[in-house]
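Chemist: predicted coordinates and the sequence they were generated for:
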Amino acid sequence: MQTFRPTLFATAFAVGALGLGGCATKDYVNENVAAVDSKVQATQSKVDQQQAQLGKLDQTAQDALARATAAGKLAEGKFLYSMVLSDDSIKFPVDSSKLSPEAEERLMVFVEKLKTDNRNIYLEIQGHTDATGPDSLNERLGEERAEAVRKFMNQHGVPLNRVSTISYGKNIPVADNKTRAGRSENRRVVLIVMS
């Protein structure tokens, strides 16, 4: 019987070790699965964010295509006439795109003229600034001025598909930027009508 006990003890020890090994393996697997699951969720979150950004970029691309199409129609068209809204008539303050009451009155006259003219016209609205400030600010400000005019005109019946805007910033001055009067003339919006 003495020889039987060490064998029984060794067998019990081996079974216990296997049982403990099984538990350690199960814990190890659970920890690794949790870590992988966490990484998968983080990756999915990044994928969702990227898809949202792609959706925004797609909308931006569609808007850009619509503007490019309108600009292409403008390029193909024949120049009819233009109107310049500069600081003396529209009163764009420095670093502002807000339309004054005088500017709105002048634009209403222009809108009425467009409505009585040919319906097959295209309009390019160019925003300009003086040379003060950095280029990036002037580009943005020129666009904001052109957009302010575009929105006003659309609110008064000019269809958006016949209008495009562009900012030239400080790049096309009509007067000397070294004088106050010259800078005032350079802060302007130019409306070009084409058929």
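Modeler: Cool, got the structure.
Chemist: gap between residue 120 and residue 195?
Modeler: Distance from residue 120 to residue 195, counting by Cβ to Cβ, to the nearest Å: 6 Å. Backbone N, C-alpha and C define where each C-beta goes, glycine included.
Chemist: whoops, residue 53 was the one
Modeler: From residue 53 to residue 195 the distance is 40 Å (Cβ to Cβ).
Chemist: can you pull the phi/psi pair for the residue nearest the centre of the chain?
Modeler: Compute the mean C-alpha point of the chain, and by Cα atoms, centre = their mean the closest residue is residue 60, 6.1 Å away. Backbone torsions of residue 60, given as degrees, to the nearest 10, read phi -60, psi -40.
Chemist: that one and residue 53: what is the separation?
Modeler: Going from residue 60 to residue 53 by Cβ to Cβ gives 10 Å.
Chemist: tally of neighbours for residue 132?
Modeler: 14 (other Cβ atoms under 10 Å).
Chemist: hang on, it packs against residue 183?
Modeler: Yes: using Cβ atoms under 8 Å, residue 132 makes contact with residue 183 at a distance of 6.7 Å.
Chemist: hey, what's in contact with both of the two?
Modeler: residue 177 (Cβ atoms under 8 Å, 6 or more residues apart in numbering).
Chemist: what segments of this structure are helices?
Modeler: Under the criterion DSSP state H, helices of the chain are mapped to 4-76, 87-90, 101-116, 135-155, 180-186.
Chemist: where does pLDDT dip in this structure?
Modeler: 1-24, 29, 63-77, 79-81, 85-93, 118-119 (pLDDT under 70).
Chemist: 90 - rerun?
Modeler: Residues of the chain that meet the criterion pLDDT under 90 lie in 1-107, 109-123, 128-130, 132-133, 145, 157-162, 172, 174-175, 177, 180-195.
Chemist: ok, the nearest residue to residue 185 once chain neighbours are set aside - contacts?
Modeler: Nearest non-adjacent residue to residue 185, counting by Cβ to Cβ, 6 or more residues apart in numbering: residue 175, 4.0 Å away. For residue 175, the contact set (Cβ under 8 Å, 6+ apart) comprises 181, 182, 183, 184, 185, 186.
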